Each structure stands twice: as structure tokens, then as C-alpha cells.
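1. Structure for this input, please:
(2 chains)
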Amino acid sequence: MNSRKVRVRFAPSPTGGLHLGGVRTVLFNYLFAKQHGGDFILRIEDTDQTRFVPGAEAYIFNTLNWCGLTPDESPVHGGPFAPYRQSERKASYRQYAEELVKNGYAYYAFDTPEELEQMRAQFKTAENPSPQYNQQIRIKMRNSLTLDAATVAQLLKDGVPHVIRIKMPEQETVHFTDMIRGEVSFHTSQVDDKVLLKADGMPTYHLAVVVDDYLMQISHAFRGEEWLPSAPVHLLLWKYLGWEAQMPQWAHLPLILKPEGNGKLSKRDGDRLGFPVFAMDWTDPKSNELTIGFKERGFLPEAFVNLLAMLGWNDGTDQEIFSLDELVQKFSIERVHKAGAKFDYEKAKWFNHEWIKRTEARRLLPAVKEILAADRMMVTDDALLEKIINLVKERCTLLTDFTQQASFFFALPAEMDTAAVKPKWDDKKNLFFTELIRSFQLSTLWEAAGLETTFKELAAANQLKPGELMLPLRIMLVGGKYGPGVFDIAAILGKEETIRRITHTLSLLEHA
RNA sequence: GGCCCGUUCGUCUAUCGGCUAGGACAUCUCCCUUUCACGGAGGAAAGACGGGUUCGAUUCCCGUACGGGCUACCA
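-> Numbering: from 1, shown residues only, chains lettered A, B, ... in the order given. I've put the predicted structure just below:
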């Protein structure tokens, strides 16, 4: 259809943490671009100066970096179409708005916020709870359509605050082909006269997105479904500005919904239901309130990207685990679902579990080290840690699970679940372990299989079932009813430490 | 309210007119394991409703219902 270079953009407004749905939009943009050998541009849409949040832009970059979705062009990466922050492009928008006015596609409006409020109050009825600045209303307002030319000229000359609004045509049907939804159409009589240029001289999203997509030669525009209703405004702007031939192809992505059904997923749902919604931790600079992120919850970026991709897309087979590279290869926008998807945290965790299981210990090492360090466990022996990771990773759903699964290798268990053995504890068992200590002391070869043999032979000699003794040994070494095979643990702990822990617990049981 | 979009197991989804409607998560049963997991076997579980079109509809069309989005000088 068009053979020009694929250029896509993600255009967030830096007002806080990056929502999971936002990251998915990035992902689909990225996949599409990379698959077609195109460029992925990050453009910051900071046209609302009242919503500036310090740190939000840096957060976006950190998040993309963590996910491995690096832009080719952005405020920090630079590029041939700089600047990539709309606030820095402010000067370029007015001319286009003025051009629209000159050609009769837009008009000046001098209504104050109070007047607008008044208008809404005045026309508000039960049937029409939110009156719009549309074809019926605009003739009742103060704008260059109702005021005579001289008055308008004077107002302009006096520097009276005003906006520029698009003049929606009366009887037209605007339609386009959405890459996901197919044919979509709107009747212009139902669309209001959106503000294009604000009184502060900044463009609204509607103008900025069209101008910048044009200037930056964007070929495909992917965004959330919540933008669908304003699509006719954008379509018309492309046409009125004379750029129709260069208009990108649109794709409106389905929304990510709350687990229990009603509405799109929000940060609040995560807080309420106990799962992350933001990609990474976000601390609101005003309230200092911390919102947990997937990263800090213990998700691998590979898993995060994978689960996001599967929310609304599949390759038509039963495959569910995809690497980023694989996604780049197999992704197709046509296979993206139309309907919104309810977010299922259980399934999200499953993806992470799968990725932990299939990721090499060596690559898990830095993250695990960090997690243990957060628990005051400084591990210096990488080789040892790697061995431990391999031993326990299949029972870790989140990276943070390594705290429980691995820390007993490095420190005496903080809690000793002696209650689990005490009810069935007797002198016979006590004797057995005393003897076990002795034979462990004598053993020259310290490895799992050998220890198990020693253990079982000794049990037989004492006429005890090994099964009755395994749990006590586990408690002695681990502190609780979890962890990998006991003899594997003993092998890693080493002779001295193993004996020390058995002795220690024995005395605990005696004095309890 | 208006406009727009959507609708297959509880959840994510496969199906592109003829299927015993498949898979995954969760759930249940069993096996493995005298910890917790992993793994294995099996079970229960779905086409919103009503009309068409058709030899035949989950699949195409139209209504209805339900769900969602938008309705700011926010994106």
C-alpha cells in the first residue's frame, strides 16, 4: 500500500509511572518497527504544562531500558527530527493552526473557561448530560464565526486570550480502515469542535499528534482504543493540512481491563488487588507515595514482555512462551484481538515462572544477588550461588522467592520450625542424629549421593524408616518444610556447617 | 443521554461455513516426591439472545441484550 520506510512512535505524556497497557503499546510499536526494518521513535507529549511531573520522563526511559525496547530516536537518543519533546516544538504548531483558520477549517474562539462552564450548565439536560462545543452550540458562542471580522481583528490585536478550534463539517462521514478493526466510520455531526491550539499557545494532543506524525514521517500509528472517538478529528486534520497522502495507517489497540470485569485497569486496581500495574516502582514526587512495579515484584523483563504480548495477540499456534526476538519475527498486527482483555495476575506469574525456569543461572545471578543483598545477605562466591540457583530456581515464581529458597544456604535459618518435628521426636531419633553426626564427621567424600547412603544405612542399623528422619534433617538444615533435596543442601552446606546445624537443632529440641 | 468499539470455558485465547469447539492459567482427582516445588495422567468447564442468509452456522448480515471507551484549553 505504501512502500515508504516504516516509522512508528510511542508518544507518552510524562505524568507518572508507566502503566502496563502503555508498555504493551510500546511493545507492539517496537515489534512492528523491528519486523519491518523500521524505526521506533519515542516522542514526549508534554503539551500540558500544568501536568508536569518531575522524574516521569526519566522513568519512561528507565522502563524502556529495562524491557529492552530501545528507541531509535528520542529526546535522549537524538535523531534527525529533533527535538522530540513537544514542549520544545511549541513554536512550530501555531502556524498550522493559523493556516487552518485561513482556509476555513478552524476558527478563533474567545470564550473564557467560565463561559464554557456556563454553556455546559445551561444546555445540560437529562438527555444530554455533557453538551459539547459543536455545530449547534458554536453559533451561540464568542468566536470568529459569530463575531464580525473587525471585532475579531481587534480582539486578536489586543491580545485577548483565545483558542483555535477545528470547525467540524456538518454532514460528512469520515471513515478509515483500522489495521485491527477494519472499516470504522463516524458522522461529523456527532463530533465536537475540538480545541487545537490552547490559549497558552501550546497545541492540544489533537493538533500536535498530527503535525508531529507528519513532520516525523510516521508511517503507522498504534495507540489505545480510548483514542478511537477522536480519530475523525485527526483524519480531518490530515486532510485539511493537505497531507492526506502521507497519513499513517491507524491501529487502535484493545484495552487491558480490570480482572473483575468493569473498566480499564488502573493503578488503583493494583493497589486494591495486590498486584503491580506499573512496569517499575514509581514514587509520586508530591505525595511520596510508592507504587510497586513488576520489576521490583520480581519479574524478569523477558517474562513481562512475553505476558504483555500475549494480552491480545497470539501467533495462531499453541505457543505461549516467546522471546523478544521471536516476537519480532512472528508478530503481526492483523492478529491482534479486537476485544479488551481482563488482566490475570496468576497467569502473569506463570509466565515469570516459566522464564525463571528456562533462564540460565548465570543470567539470573545479578538479580538474585541483588535480592539477597536487600535481605542483608552479601554473597561473594558466584560459582556457589550459580549452583544454588540451579538447584532452587524451579520453585521460584518470582525472583523475590529466591530470598526464601536460597538464604538458608548462607545463614542459619532465622526461624526453626521445630514444631514440625517435636510431636514425633523421641530418644531413638535423638540417638540416630547423634550417631549421624559422628559418621558425617568421619566421611571423607562429601557429596549428596554418598551422604544419602550413609544416612540410610545408619537408619537401617537403628531400625528406623528413613522417611521419618528426612523431615527432621530438613528442618535442621533449612529451618522449614521447603527447599530442594536435603542431601543436595547438605552437600552445598559442607561438612562443618551441616554438623553444626544438626547439633544446634538437637540442643534446641532437648531444651524445648 | 449521545457517538464509537466489542461479545467462544472463571481468565487469556484457537477456529477464518461442515470441529467429538483445541490449548494455556486457575480449579479438582490421581501418579511421582516421606518437605515445597517441578514433572506426568485425567476430570469439570464456553460459542449472550432472537431473527435471517445457506444444504449447513461459533464463523456472514440485521436487531436486542450486555460490556467497554469517549464525551476538557488531559493525554
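2. Quick one: residues contacting the residue nearest to residue A:56 when sequence neighbours are not counted.
-> Excluding the flanking residues, the one nearest residue A:56 by C-beta to C-beta, 6 or more residues apart in numbering is residue A:14, at 3.7 Å. From N, CA and C alone the C-beta is placed, and that goes for glycine too. By C-beta atoms under 8 Å, 6 or more residues apart in numbering, the contact list for residue A:14 reads A:44, A:46, A:52-53, A:56-57, A:59-60.
3. Please apply the same query to residue A:232.
-> A:174, A:186, A:188, A:191.
4. Restricted to strands, list those.
-> A:174, A:186 (DSSP state E).
5. that older thread, so which of the contacts of residue A:14 is the closest to RNA strand B?
-> Relative to RNA strand B, the closest of the contacts of residue A:14 is residue A:46; by C-beta to the nearest atom of the strand it sits at 7.8 Å.
6. residues near the closest one, how many?
-> 22 (other C-beta atoms under 10 Å).
7. out of the contacts of residue A:232, who has the most neighbours?
-> That'd be residue A:191 among these, by other C-beta under 10 Å, with 22 neighbours.
8. Let's see the pLDDT reported for that residue.
-> With respect to pLDDT, residue A:191 scores 95.
9. cool, residue A:512 as well?
-> 62.
10. Ok, residue A:261 next?
-> 69.
11. what does the stretch 1-150 of chain A put close to RNA strand B?
-> A:11-13, A:45, A:47-48, A:51, A:111-113, A:116, A:120, A:126-130, A:132-133 (C-beta under 7 Å from any atom of the strand).
12. Please list only the buried members of those.
-> Burial by neighbour count, 16 or more other C-beta atoms under 10 Å: within these this picks out A:11-13, A:45, A:47-48, A:111, A:116, A:132-133.
13. Closest one to residue A:479 out of the residues you listed, please.
-> Distance to residue A:479 across these (C-beta to C-beta) is lowest for residue A:12, with 45.9 Å.
14. hmm, what's the outermost residue in chain A?
-> Most distant residue from the mean C-alpha position of chain A: residue A:461, 58.4 Å away (C-alpha atoms, centre = their mean).
15. Now residue A:76: closest residue in space, sequence neighbours ignored.
-> residue A:61 (6.0 Å).
16. before we move on, the earlier item: look up phi and psi at the residue farthest from the centre of chain A.
-> phi -60, psi -30 (degrees, to the nearest 10).
17. Residue A:19 too?
-> Dihedral angles (degrees, to the nearest 10) for residue A:19: phi -70, psi 150.
18. So the closest residue to RNA strand B within chain A, which state does it fall into?
-> Nearest to RNA strand B, among the residues of chain A, is residue A:467, at 1.5 Å (C-beta to the nearest atom of the strand). Under the three-state scheme (DSSP: H, G, I helix; E, B strand; the rest coil), residue A:467 adopts helix.
19. shaky segments in chain A?
-> A:1-2, A:261, A:512 (pLDDT under 70).
20. Quick check, residue A:344 in contact with residue A:260.
-> No: using C-beta atoms under 8 Å, residue A:344 makes no contact with residue A:260, being 10.9 Å away.
21. Looking at these two now, which is surrounded by more residues?
-> residue A:344 (13 against 9).
22. and the more buried one, what does it touch?
-> Contacts of residue A:344 (C-beta under 8 Å, 6+ apart): residue A:259.
23. quick one: which helix or strand includes the residue nearest to residue A:76?
-> Secondary structure from DSSP states H and E places residue A:61 in helix A:56-67.
24. ok, and residue A:183, which helix or strand is that part of?
-> Assigned by DSSP H and E, residue A:183 falls in strand A:182-187.
25. is the next helix or strand after that strand anywhere near RNA strand B?
-> For strand A:182-187, the following helix or strand on the C-terminal side (DSSP H and E) is strand A:195-197. Yes: counting by C-beta under 7 Å from any atom of the strand, contacts between strand A:195-197 and RNA strand B involve residue A:195.
26. What are the contacting residues of strand A:195-197?
-> With C-beta under 8 Å, 6+ apart as the criterion, strand A:195-197 contacts A:93-94, A:97, A:100, A:106, A:109, A:163-166, A:203-204, A:206-207, A:237.
27. Show the subsequent helix or strand relative to it.
-> Per DSSP H and E, the helix or strand that comes after strand A:195-197 is helix A:205-215.
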